[in-house]
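1. sequence first, predicted coordinates after that:
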Amino acid sequence: MEYATIEAFRSDPEKVWRFYGPRISMLTDAEPNAAHHALAELEELGLVDAVVTQNIDLLHARAGSREVLEVHGSIRTCTCPHCGASHSLERVLAMLAGRPDQAPRCASCAAVLKPDVVFFGELLPEREIDRANQLARSAGLLLVVGSSLEVYPVAGLPHETLAGGGAVAIVNLGPTPFDGRAAVRIEAGAAQVLPEVLRVVSQ
């Protein structure tokens with residue numbers, strides 16, 4: 001609540017950046033894993049229509065997935081809350097270089113930039129949520145990967161799929177509220193399961 005709410009950002013953006021700055025640098029150094037790559041290849045085979053992610057790290061896009069709905073935003077850009085100017089990740093990283101605990105400021109008006117991620121207390125991006133619901137309703141199979149299905153509205157997507165006549169498969173370490181209604185439930189990590197799924201469907 002000290003760092004991840006829109007109220008915290010508005011009241012003390014420098015404090016939020018002291019927490020967020022080092023983490024954004026770490027996220028840019030992360031690499032897609034075997035699960036990210038498998039999803040991209042399944043999309044290439046025509047077996048995955050889109051990836052709906054709550055992650056902000058850009059790893060799905062970097063792995064090659066083409067339709068990625070980032071329902072909690074991403075680190076791709078930061079926006080100035082004062083003048084609305086958009087700043088790329090590369091530009092923000094340059095501002096943070098050597099001083100990741102200092103808040104990056106707008107090149108136009110010097111206001112502290114806001115990361116284009118969804119803080120608690122903010123609305124999710126309407127276009128992405130509408131598209132995610134549309135995809136879920138039309139899906140023959142909704143694959144839930146690495147989610148406890150606790151955070152709404154994304155946690156409601158399996159209900160949309162079932163209502164549309166589709167099925168739900170869950171790959172997750174730990175239980176979810178939807179386990180009893182899933183056609184398939186695998187208790188394992190995504191990086192273990194998804195490459196194997198790709199191998200089987202590619203035969």
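-> Yep, that arrived. Numbers count the residues shown, from 1 in each chain.

2. longest helix in this protein, please.
-> Using DSSP state H, we find that the single longest helix of the chain is helix 13-29.

3. buried stuff in that one?
-> By neighbour count with 16 or more other C-beta atoms under 10 Å, helix 13-29 contains the buried residues 13, 16-17, 20-21, 24, 27. For every residue, glycine as well, the C-beta is placed using N, CA and C.

4. chain center to the next helix or strand after that helix, what's the gap?
-> Using DSSP states H and E, the helix or strand that follows helix 13-29 in sequence is helix 34-44. Centre-to-centre, helix 34-44 and its host chain are 15 Å apart (C-alpha atoms, centre = their mean, to the nearest Å).

5. give the next helix or strand downstream of helix 34-44.
-> Beyond helix 34-44 toward the C-terminal end (DSSP H and E), the next one is strand 51-53.

6. quick one: the helices in the protein, in order.
-> Along the chain, counting by DSSP H, helices occupy 6-11, 13-29, 34-44, 59-63, 89-96, 126-138, 157-163, 190-201.

7. residue 120: which of those is closest?
-> Nearest to residue 120 among the helices of the chain is helix 6-11 (7.1 Å), distances taken as C-beta to C-beta.

8. what helices or strands is the closest one leaning on?
-> Packed against helix 6-11 by the contact rule (3 or more C-beta pairs under 8 Å, 6 or more residues apart in numbering; DSSP states H and E) you find helix 13-29.

9. ok, residues contacting the helix it packs on?
-> 2-3, 8-9, 56-58, 75, 89, 92-93, 96, 100-104, 112, 114-115 (C-beta atoms under 8 Å, 6 or more residues apart in numbering).

10. pLDDT below threshold where in the chain?
-> 100-101 (pLDDT under 70).

11. and if we set it to 80?
-> For the chain, the stretches with pLDDT under 80 are 1-3, 25, 98-101.

12. what sits up against the longest strand anywhere in it?
-> Secondary structure of the chain per DSSP state E: the longest strand is strand 73-79. Strand 73-79 is touched from outside by 24, 27-28, 56-58, 85-89, 92, 104, 113-118, 125, with contacts defined as C-beta under 8 Å, 6+ apart.
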